[in-house]
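J.: Build the 3D model from these lines:
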Amino acid sequence: MIYNYLILIFEIFLASLANILLKKGSLVLSSILIAPKNIKDAIDIALAMFKNVYILSGLVAFGVAFFLWVWLLSKIQLNIFYPIALSTQIILIAVISRSLFKEPLTVIQILGILIIITGVLLLAKTS
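T.: Modelled structure (predicted):
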């Protein structure tokens, strides 16, 4: 059982990392990420995305997280697993985005994070 929760922690960190990598990749490509005017523009944007190391790394991280997610679905109750995984990712991404991308974190958002932490602890206690 503890093994499943260690895999869950790894999956949470991997999925969070994937989002952070995709954000970094989108910032690197922000000058070309505009609405394409024609099919050639769309292809150029897609090719630029697939050449970006951050976006590729994010896709790989999401791919591995996906396989762990499916495996975990067979091991842990969905009504426990899903809220814990997603809410923990929300917290990690909010904190990491604040430090890496200088995104704002308001008092209301911090209060929301504290409420999420309380909910996660209550869910974890019932499993």
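
J.: How far away from the center of its chain is the lowest-mean-pLDDT helix or strand in the chain?
T.: Least confident element among the helices and strands of the chain, by mean pLDDT, DSSP states H and E: helix 39-51 (a mean of 85). Remark: helix 39-51 is offset 23 Å from the chain centroid, using Cα atoms, centre = their mean, to the nearest Å.

J.: List the buried residues of that helix.
T.: Ile45, Ala48, Met49 (16 or more other Cβ atoms under 10 Å). All C-beta spots, glycine's among them, are computed from the backbone N, C-alpha and C.

J.: Just the closest of these to Leu14, please.
T.: Met49 (20.2 Å; Cβ to Cβ).

J.: Now the closest one. Nearest residue, chain neighbours left out?
T.: Ile55 (5.1 Å; Cβ to Cβ, 6 or more residues apart in numbering).

J.: cool, Asn52 as well?
T.: Per Cβ to Cβ, 6+ apart, closest to Asn52 is Gly25, 4.6 Å.

J.: wait, what's in contact with the one you found?
T.: Gly25 sits next to Met49, Asn52, Val53, Tyr54, Ile55, Gly58 when contact means Cβ atoms under 8 Å, 6 or more residues apart in numbering.

J.: now do Leu22
T.: With contact taken as Cβ under 8 Å, 6+ apart, Leu22 is in contact with Tyr54, Ile55, Gly58, Leu59.

J.: and those residues, which of them are in helices?
T.: Tyr54, Ile55, Gly58, Leu59 (DSSP state H).

J.: Determine the number of other residues adjacent to the third one.
T.: Translated: Gly58. 21 (other Cβ atoms under 10 Å).
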